[in-house]
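[1] I would like the atomic coordinates for the input below:
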Amino acid sequence: MPATPPFWNDSPESWDTAIVGGVTLPGLARIDGLELASKWDVKEAPGTDGATESYQGYTPAPFQILLRMWEREQWVAFLELAPRFRPKPGKNAPDPVDVVHPELAVWGITRAIIRKLKPKKSDDFYDVAFDMLEYFPQPKKTAAATPNGGKTFWNALDGSPAPVGGTAGGRSGGSGPQPKPPAPSTGRLKP
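    A predicted model of the protein is given here:
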């Protein structure tokens, strides 16, 4: 379990620092616009009050890392890091990056995708807004290959095919002959 994020007055430097892709961003870094949400399907019936809400899953959280630099050393360090955050275009999408900041740690956000970079020079500051999206891929389905190649069978026990014009998966409404049930086993089952 990760360490508990510190209280901001006890450790202000940790709340002013962000680590992205394993490197500490130079300058002052803050989190902004963090939105934690879930997907809901809301169905309203005409002429009635209220609705039926169905939970549809977790939504990856968008947020920004706002970086502000004002010293030469910060600028020089950033120039070395900048190419990491915007790789050359190619066939493959950029990989998600590890992100570390106390506000993100509160919500268990540890990886994100860099969607946009918005640099801006103003007065004596150079600001970069990192538009991020929490990396939360869908769980991989563990579907096993079916031995019948995905064909629909009328009787899954004996593997007989669905009758032509009948309904697969049930006994009602079929017009074809009913398949024979499987013969009982004559051997004894061993524990």
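
[2] Distance-wise, check Gly33 relative to Leu81.
    22 Å (CB to CB, to the nearest Å). C-beta coordinates here come from the backbone N, C-alpha and C atoms, glycine included.

[3] Three-state assignment for Ile114, please.
    strand (DSSP: H, G, I helix; E, B strand; the rest coil).

[4] Quick check: beta-bridge partners of it?
    Met132 (DSSP bridges).

[5] Report the helix or strand with the lowest average pLDDT across the chain.
    Lowest by mean pLDDT, DSSP states H and E among the helices and strands of the chain is strand 153-155, with a mean of 43.

[6] all strands of this protein, in order?
    19-20, 23-24, 28-32, 37-43, 52-59, 62-69, 97-100, 111-122, 125-134, 153-155, 160-161 (DSSP state E).

[7] and of those strands, who's closest to Arg86?
    strand 111-122 (6.0 Å; CB to CB).

[8] so Ile113 makes contact with Phe136?
    No: the pair Ile113 and Phe136 does not pass the contact test of CB atoms under 8 Å, sitting 9.8 Å apart.

[9] separation between the nearest residue to Thr24 once chain neighbours are set aside and Val99?
    Nearest non-adjacent residue to Thr24, counting by CB to CB, 6 or more residues apart in numbering: Thr17, 6.1 Å away. Per CB to CB, Thr17 is found 12 Å from Val99.

[10] Same drill for these two, tell me which one is more crowded.
    Val99 (23 against 18; other CB atoms under 10 Å).

[11] how near is that one to Gly22?
    10 Å.

[12] Could you do Lys88 as well?
    In terms of CB to CB, Lys88 sits 20 Å off from Gly22.

[13] Contact partners for the residue most central in space within the chain?
    Closest to where the C-alpha atoms of the chain average out (CA atoms, centre = their mean) is Phe136, at 2.1 Å. Residues near Phe136 by CB atoms under 8 Å, 6 or more residues apart in numbering: 58, 60.

[14] For it, grab phi and psi.
    phi -140, psi 80 (degrees, to the nearest 10).

[15] Tell me how far it lies from Thr110.
    Here Phe136 is placed at a distance of 10 Å from Thr110 (CB to CB).

[16] Tell me where the model's unsure across this structure.
    1-2, 142-191 (pLDDT under 70).

[17] quick revisit: surely the residue nearest to Thr24 and Ile31 touch.
    No: between Thr17 and Ile31 there is no contact under CB under 8 Å: 11.0 Å.

[18] anything in contact with each of those two?
    His101.

[19] How far off centre is the lengthiest helix in the chain?
    The longest helix of the chain (DSSP state H) is helix 72-85. Offset of helix 72-85 from its chain centre (CA atoms, centre = their mean, to the nearest Å): 29 Å.

[20] what's it in contact with?
    20-21, 23, 25-27, 67, 69, 114, 117, 126, 128, 130.
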